[in-house]
Every structure is written in structure tokens, then in C-alpha cells.
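Visitor: coordinates only, no sequence provided:
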């Protein structure tokens with residue numbers, strides 16, 4: 001143990017001893033590994049290097065024999081530094097069954113500098129004296145070197161591919177051959193060592209026994225007829241809303257990683273010169289899930305001029321066309337967004353769990369991604385979050401995002417990975433729990449905010465924030481109270497005016513002695529209603545006198561005019577009834593009281609208008 005005293009000498013001695021121990025352990029491991037490699041002999045190797053795409057796919061078909069006295073459980077698989085550092089996917093198959101592969105921190109003893117190795121663990125150990133046949137398949141990006149590095153618009157693109165001529169292996173290899181499959185038959189040069197060129201293939205070997213770690217450069221210089229679409233950076237944000245949608249937004253920076261364009265760009269030559277288009281691409285095409293909707297894209301510099309979308313039951317294709325094609329070395333950035341329904345992507349699991357299933361990588365064709373960042377934004381209140389990925393090498397971290405009505409923030413799972421190819425675009429799963437109460441948090445919060453707002457507004461309207469109360473303030477308060485009383489009086493006066501109009505209408509409706517008698521009875525009921533309104537008005541007038549005597553006097557004078565109008569209406573009805581009882585015809589009786597009727601109706605209207613004006617101050 002490190003002593004507690006501040007003396008440094010004992011600690012230094014302890015550190016030196018630990019370094020010596022670690023060195024001894026490493027050396028012992030290397031010696032054991034060296035001994036183990038002597039127990040394995042690679043009998044045949046058939047290497048197939050596919051270079052038709054913008055990345056390389058190296059398939060090594062290996063037959064190895066176990067010369068040890070015990071079962072063989074592991075095999076060391078190695079690649080040169082330039083290739084090993086750019087491997088995106090590596091898999092080992094025995095009769096289509098995938099074996100376990102793990103990267104080694106350090107290559108076995110005797111390996112060339114920078115060699116990258118992996119340990120293959122067989123699911124079924126190889127018995128002593130037996131052989132095992134397997135395929136090692138590696139997808140490698142960024143291995144093409146443009147030569148020339150710069151070309152004009154009309155020139156063809158040529159690239160170089162470099163590899164080890166032999167299988168880079170810690171084991172002795174008895175027999176091997178290599179076939180390089182090219183995108184075109186136009187080959188400028190290749191390594192001349194038992195090599196033959198036929199069409200779009202260059203074959204090397206067969207080579208006889210090679211010692212472990214045999215090294216010789218393999219070089220092929222050929223024309224590549226595809227543009228190198230490389231996504232320098234892709235940031236995907238997947239936001240889950242339990243109110244019906246999954247929002248996906250992808251921010252791209254895409255570049256043509258082929259031979260750099262030099263000289264001027266001519267749109268005319270581009271349109272009419274097919275040979276000048278091999279090192280450029282006019283757009284990119286994405287294949288989104290079939291239910292994708294609400295698609296949009298954002299392009300700050302305006303290089304994306306148009307788009308085309310095709311919807312099918314299983315797929316939504318969007319073709320983004322560039323205003324200027326991306327020539328070698330050129331790049332552009334844009335954002336693509338769309339929405340997905342919860343159905344088909346969010347599933348219920350036992351014990352109240354939920355599972356989100358999404359694609360890991362980009363939906364664009366023929367691209368590889370240098371740096372992929374995927375942000376999964378879960379609803380606020382999500383708990384017990386667990387991520388299940390179909391492969392290793394993904395860095396995980398946590399973040400928070402605040403959006404509308406969030407209080408503590410939404411949990412964000414951040415996944416980061418370098419050197420991503422289409423083989424990585426598999427479904428991954430996010431399991432989490434999310435209760436109904438957590439889902440209702442934001443609506444309840446919104447309701448509470450509005451309720452508090454209206455409550456505060458109600459309280460505020462009833463508070464008096466006057467600092468001093470002088471005569472002017474008292475006058476304003478008295479005026480406000482008087483106006484309130486006058487508004488109530490106006491309502492009563494409007495009711496009286498309606499009743500007076502009804503009495504006038506009764507007089508007009510008299511046509512015979514029977515209707516005259518009925519009209520008199522109805523008049524008595526209407527006058528009774530008018531008296532009730534007058535009684536209510538008197539109460540309000542007394543209240544008004546306590547507030548403003550001047551206003552009350554004017555209101556009382558206006559109320560007294562109502563009595564005169566009542567008398568005139570009663571007299572009109574009586575006169576019409578008397579004429580009918582004397583045997584005067586109905587139309588003749590009506591014509592005799594017409595002038596009186598019009599005058600009375602005008603007086604009622606004028607009285608109602610004056611009452612309404614009083615309420616307006």
C-alpha cells in the first residue's frame with residue numbers, strides 16, 4: 001500500500017516494481033502468443049478484394065490446420081496499418097455462422113509496425129490435427145488514393161489501392177492467391193508479381209509457402225467511375241412524443257472525397273459530356289420508412305434547388321437535387337427532417353415497459369459517415385432507460401434537452417460512432433418506462449398556469465392601488481358609482497318603453513267591441529308591470545341621490561316623464577275603444593287616431609334614447 005506519510009521514496013520504489021511486473025506480464029503474453037502461432041498453419045488462402053464501390057470489401061477465405069495437441073479455440077486475424085485503422089466492419093463466418101471477433105490492443109510479437117489485429121473465438125473449438133475453413137470479411141473506407149490528386153472537369157478519375165500482397169498473418173501460409181475486382185477494365189498499372197489482368201479483374205499468385213508476417217506491397221492503379229460520397233458529419237435527433245409522433249431531424253455535411261476538381265466549372269460541358277460526370281454527383285437519394293410524413297429540408301446556402309418524393313406502402317424515397325453538382329473536394333451541408341407515427345416504431349413490453357426501434361445510421365445510398373452522432377430525446381419523466389445495439393464500438397453518454405413546458409428536462413441518450421457504413425444501418429432498441437402520470441404532467445401544468453393566471457387577473461381587478469385619495473379621486477369614484485346605477489335604471493326604462501309600445505299595439509289591434517273589452521283588460525296587466533318597474537327605479541333613484549344629487553335630479557325628471565307617456569297611451573286605447581263601441585268602423589276609427597298614435601310612438605322612442613344617453617355620461 002502507498003504510505004500515508006509525505007515521503008516519496010517508498011512510493012517510487014513501489015512504482016518501479018509495478019512497471020517491471022507489467023513488462024514481465026506483457027513479455028510472457030507475447031511469448032505464449034508466439035508459441036501458439038507455431039501450432040497453426042494456414043493451408044490455403046483465397047483473397048478477394050472488391051473495389052467496385054467507394055469503399056473496399058476484403059474477403060479472405062482461409063483454411064487453417066490445428067497442429068497442436070489440444071483444441072484450437074482462437075485465431076489471430078491481422079491487417080496492415082493503413083487498412084486496419086480504417087476497418088468499419090469485420091466479421092468471420094463458418095458456414096454462414098458468425099464467430100466472435102474482438103480487437104487486440106497490441107499485435108503479436110514480430111508484427112510490422114502499426115499492424116492491427118483481432119482475436120477470433122470459434123464457437124466450436126477445432127480438434128487437434130483438424131482443419132477449419134472460414135471467411136474473414138472486412139469493409140474498409142477511405143483506402144483509395146486519387147492519382148492524379150487533382151483533375152479538371154473533363155478528365156477521368158484514377159485512384160490507387162494499396163494492400164499487402166500476401167495475407168498478413170502470424171502463421172505460416174502454405175498457399176495463397178489474391179483477386180482484385182475493379183469497377184472498370186481501365187487499369188494503368190499494378191504490381192508485377194505473378195499477376196494477370198483480365199477485364200475488370202487482376203489476379204495475383206498462387207504463391208507458395210510464406211513465413212509469418214511476410215510483407216510485399218500490392219498496388220493497383222485504375223479508373224474509378226463512381227463519385228466518393230462521404231458524410232463528414234451527421235447529427236441525428238430522434239425526439240419521441242407520446243402524443244402521437246416521432247420527430248427525426250438529420251444534419252448533414254457531405255463531401256466529394258474523390259480527386260479534387262481544378263480549373264473552371266462549365267455547366268454546359270457537364271450537361272453534354274458524360275465522361276466528365278464520373279467524379280461528381282448532382283444529388284443524393286434517401287430511403288425513409290414508408291409511414292414518414294411532414295418531410296422538410298433546410299439548406300442555408302441554397303444549393304439544394306429541388307426535390308422529388310415517392311411514397312409507397314413500405315418506403316418513402318426523397319431525391320434531393322443540387323443546384324451545383326458536387327465536384328471533387330466540394331462539400332455542402334443541409335438538414336433533412338420528417339415525422340413518424342408511434343405505431344410500428346414504439347412497442348409495449350411486459351411490466352409497463354416501452355421499446356423504441358429505429359434505424360441506427362443514415363438513410364442515404366452509397367455513402368459512408370466519418371462521424372455519426374445520434375441523439376434520442378425521450379419524454380420528460382422517462383426512467384429505467386436501456387440501449388441495445390446490434391454491434392460494438394458505439395460510445396454512449398447522457399444529456400438533457402429543454403423544450404416547451406419542460407421543468408427538469410428531457411433525458412437524451414447520445415450515441416457516437418466513427419467510420420459508419422451501410423452495414424451499420426440496422427435497428428437498435430431503447431427500452432424505458434413512462435407512466436400515464438408523467439405523460440399528463442405537461443397538460444396539467446398548462447391548465448394550472450392558465451388557472452393561476454385567471455385567478456390573479458380576478459384578484460387584480462378587485463384591488464385598489466391608489467396611493468392618495470383626493471377630491472378628484474372621490475369625484476371619479478362617485479361618477480363610476482353613478483354610472484353603474486344609471487345603467488341599471490336604463491335597463492328598467494327600456495323595459496317600461498317596451499310595455500308602453502305594447503299598450504299602443506293593443507290600441508291598434510281593436511276591431512270590434514269584444515276586442516275592445518279584451519284590450520282594456522290587457523292594458524291593466526301591462527300598467528301593473530310598469531308600476532313594478534317604477535318601484536324598482538325608485539329604489540335606484542334613492543341610491544343615486546346618495547352618490548350625486550345632480551345626476552339623481554335629472555334621472556328623476558326623466559322617470560316622471562314615463563307617467564305622462566303612460567297616461568297618453570291609456571287615453572289612446574280608451575279613445576279607440578269608445579269609437580268602436582259607438583259603431584264606427586275599425587278602419588275609420590284607426591284613421592282618426594293615426595296622428596295621435598304616431599306622436600305617442602315618437603315620444604316613447606325619444607324618451608328611451610334620452611335614458612340611454614344618460615348612461616353614457
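Guide: The structure has been received and is ready for your questions. A quick note: this is a predicted structure, and the numbers were derived from the prediction, not measured.
Visitor: mind listing what's buried in the host helix or strand of residue 580?
Guide: For residue 580, the host element (DSSP states H and E) is helix 549-581. Within helix 549-581, the residues that qualify as buried are 551-552, 555, 558-559, 562, 565-566, 568-570, 572-573, 576-577, 579-580, counting by 16 or more other C-beta atoms under 10 Å. Placement of C-beta: from N, CA and C, glycine included.
Visitor: quick one: list the elements packing against it.
Guide: Contact partners of helix 549-581 among helices and strands, from 3 or more C-beta pairs under 8 Å, 6 or more residues apart in numbering; DSSP states H and E: helix 471-509, helix 513-547, helix 586-592, helix 594-614.
Visitor: between helix 549-581 and the first one, find me the angle.
Guide: Think helix 471-509. Counting by axes from the mean of the first three to the mean of the last three C-alpha atoms, to 10 degrees, helix 471-509 lies at 0 degrees to helix 549-581.
Visitor: show me where the protein has helices.
Guide: Under the criterion DSSP state H, helices of the chain are mapped to 9-37, 81-84, 267-272, 436-439, 441-461, 471-509, 513-547, 549-581, 586-592, 594-614.
Visitor: contacts for the last one?
Guide: Think helix 594-614. For helix 594-614, the external contacting residues (C-beta atoms under 8 Å, 6 or more residues apart in numbering) are 486, 489-490, 493-494, 497, 500-501, 504, 507-508, 554-555, 558, 561-562, 565, 568-569, 572, 575.
Visitor: cutoff 6 Å now
Guide: With contact meaning C-beta atoms under 6 Å, 6 or more residues apart in numbering, helix 594-614 is reached by 486, 490, 493, 497, 500, 504, 558, 561, 565, 568, 572.
Visitor: what's the burial count for residue 136?
Guide: Residue 136: 23 surrounding residues under other C-beta atoms under 10 Å.
Visitor: can you name the residues bridging to the residue nearest to it when sequence neighbours are not counted?
Guide: Distances taken as C-beta to C-beta, 6 or more residues apart in numbering put residue 60 closest to residue 136, at 4.4 Å, once the chain neighbours are dropped. Beta-bridge pairing for residue 60 (DSSP bridges): residue 47, residue 136.
Visitor: for residue 60, grab the count of nearby residues.
Guide: What residue 60 shows, counting by other C-beta under 10 Å, is a neighbour count of 23.
Visitor: I'd say it and residue 47 touch.
Guide: Yes. In this structure, residue 60 is within contact of residue 47 by C-beta atoms under 6 Å, at 5.3 Å.
Visitor: surely residue 409 and residue 400 touch.
Guide: Yes. Between residue 409 and residue 400 there is a contact under C-beta under 6 Å: 3.6 Å.
Visitor: count of residues packed around residue 248?
Guide: 20.
Visitor: ah, wrong one, I meant residue 228
Guide: A count of nearby residues for residue 228, using other C-beta under 10 Å, gives 26.
Visitor: contact partners for it?
Guide: Here residue 228 is in contact with 54, 257, 258 (C-beta under 6 Å, 6+ apart).
Visitor: quick one: the residue nearest to residue 65 when sequence neighbours are not counted and residue 367, what's the gap?
Guide: In space, and not counting its chain neighbours, residue 65 is closest to residue 131: 4.6 Å by C-beta to C-beta, 6+ apart. Counting by C-beta to C-beta, to the nearest Å, the gap from residue 131 to residue 367 is 40 Å.
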